[in-house]
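> Could you look at this predicted model? Sequence included:
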Amino acid sequence: MPQETAGSSQHVDPAPLSSAIGEFWPLAQTAVRLESSETELLKLVASGSVLSVVTADEQLLFPAFQFDERRVLPDLVPVLETLMPASDGWQVTQWLMTPSRQLGGRTPLETSRKGDAKFLRRLSSLAKDQAKTWARTTESR
């Protein structure tokens, strides 16, 4: 339901993150869409080749943006495998959706969808650098 502030007719999106990112699918629905078992999907999550997030009520969800037909976007898999061990799914999701100057103003997700070899190499390098940064931040805590 839209919210208004006093003296304003401006509407506020009650779920800005999901509006910006798109759909999230639960485990069972994702497994069906990928024609996989839940066990196999959880193995992919454990290997870091599928992006998942955990909600505050501990529900495992999958951002739909990572899928093309019945698989994870092929050029996104190595990026996920680099980033997932270094951080959590929410932080990786945010990173994938943030425009990058080094990628010509595209987001890492857009870059993985384009398939441009030059930008994919740059994306791989950026992912490695980001994973190192996250690892250093985690070590210093």
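Received, thanks. Residues are numbered from 1 along each chain as shown.

> got the CA positions of stretch 93-103 in CSV?
Provided in CSV are the C-alpha atoms of stretch 93-103 (Å, rounded to 0.1, in the frame of the first residue of the first chain):
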residue,chain,number,x,y,z
THR,A,93,23.1,-9.4,-5.2
GLN,A,94,23.7,-5.7,-4.5
TRP,A,95,27.1,-5.8,-6.2
LEU,A,96,25.6,-7.5,-9.3
MET,A,97,22.9,-4.8,-9.5
THR,A,98,25.2,-1.8,-9.0
PRO,A,99,26.5,0.1,-12.2
SER,A,100,30.2,0.1,-12.5
ARG,A,101,32.4,2.7,-14.1
GLN,A,102,34.9,-0.1,-15.1
LEU,A,103,32.1,-1.8,-17.0
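
> Buried residues, that stretch. List them.
Neighbour-count burial for stretch 93-103 flags 93, 95-97, 100, 103 (criterion: 16 or more other Cβ atoms under 10 Å). Where C-beta positions appear, they are placed from N, C-alpha and C, glycine not excepted.

> and for that stretch, what are the contacting residues?
Stretch 93-103 is contacted from outside by 20-21, 51, 53, 63, 65, 76, 79, 83, 87, 105-111, 119, 122-123, 126, 130, using Cβ atoms under 8 Å, 6 or more residues apart in numbering.

> Let's see which of these end up in helices.
Counting by DSSP state H, these place 20-21, 79, 83, 108-111, 119, 122-123, 126, 130 in helices.

> is it true that residue 51 touches residue 62?
Yes - between residue 51 and residue 62 there is a contact at 6.9 Å, judged by Cβ atoms under 8 Å.

> Please identify the helix or strand for the residue most central in space within the chain.
Geometric centre of the chain, nearest residue: residue 93, 2.9 Å, by Cα atoms, centre = their mean. Applying DSSP states H and E as the criterion places residue 93 in helix 89-96.

> Give me the mean pLDDT for that helix.
Across helix 89-96, pLDDT averages out at 96.

> Low-confidence ranges, the chain, go.
By pLDDT under 70, the weakly predicted segments of the chain are 1-20, 141.

> quick one, strands of it?
With DSSP state E, the ranges of strands along the chain come out as 24-26, 53-54, 60-63, 67-68, 71-72.
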